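Peer 1: Let's see this in three dimensions:
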Amino acid sequence: MDLTLQNLFGEGASQDEQVLKISKADLQGLTASVNNRTEQLFVAILLKARLAFEGEFSTDNDESIVTENGEPLYFSNLEFYAFLRVFYWRKLLEPNKIINQFVCLSYEANQ
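Peer 2: Take a look at the predicted model:
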């Protein structure tokens, strides 16, 4: 399975020789504004990319799908992407801010 630009950044993503275009409407958890901060955009891109690798199954209303035991049902596509890993590490709550931590690993083929 190839990781496409649309898998990673949403259906509105496109590129040419000089420009990568990502639609704000395709980014998870982002309220699109002409004044979105850099941090908001970066986290929204990472959250969207994470969904290509692993996550929780949810309904169209964003409700978690759970097992018989009430635990969230997860999926993982990590085995399909041999040279790139992105996973959510943890969320830290601090006064007046939320810190989302991710781990991104990139590999090269040994030839």
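Peer 1: which residues in this protein form strands?
Peer 2: Applying DSSP state E to the chain gives strands spanning 14-15, 20-21, 54-56, 74-76, 84-94, 97-106.
Peer 1: To E39, which of these lies closest?
Peer 2: If you check each of the strands of the chain against E39 by Cβ to Cβ, strand 97-106 wins as the nearest, at 9.7 Å. To be clear about C-beta, it is placed using only N, CA and C from the backbone, and glycine gets the same treatment.
Peer 1: Going along the chain, name the helices of the protein.
Peer 2: 5-9, 38-50 (DSSP state H).
Peer 1: Same list, these, but as a markdown table with distance to F87 please.
Peer 2: Output for the helices of the chain, formatted as a markdown table (distance: least, Cβ to Cβ, whole Å):
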| stretch | distance to F87 |
| --- | --- |
| helix 5-9 | 14 |
| helix 38-50 | 7 |
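Peer 1: Which one, of the ones you listed, ends up nearest to G29?
Peer 2: G29 sits nearest to helix 38-50 of all the helices of the chain, at 5.8 Å, using Cβ to Cβ.
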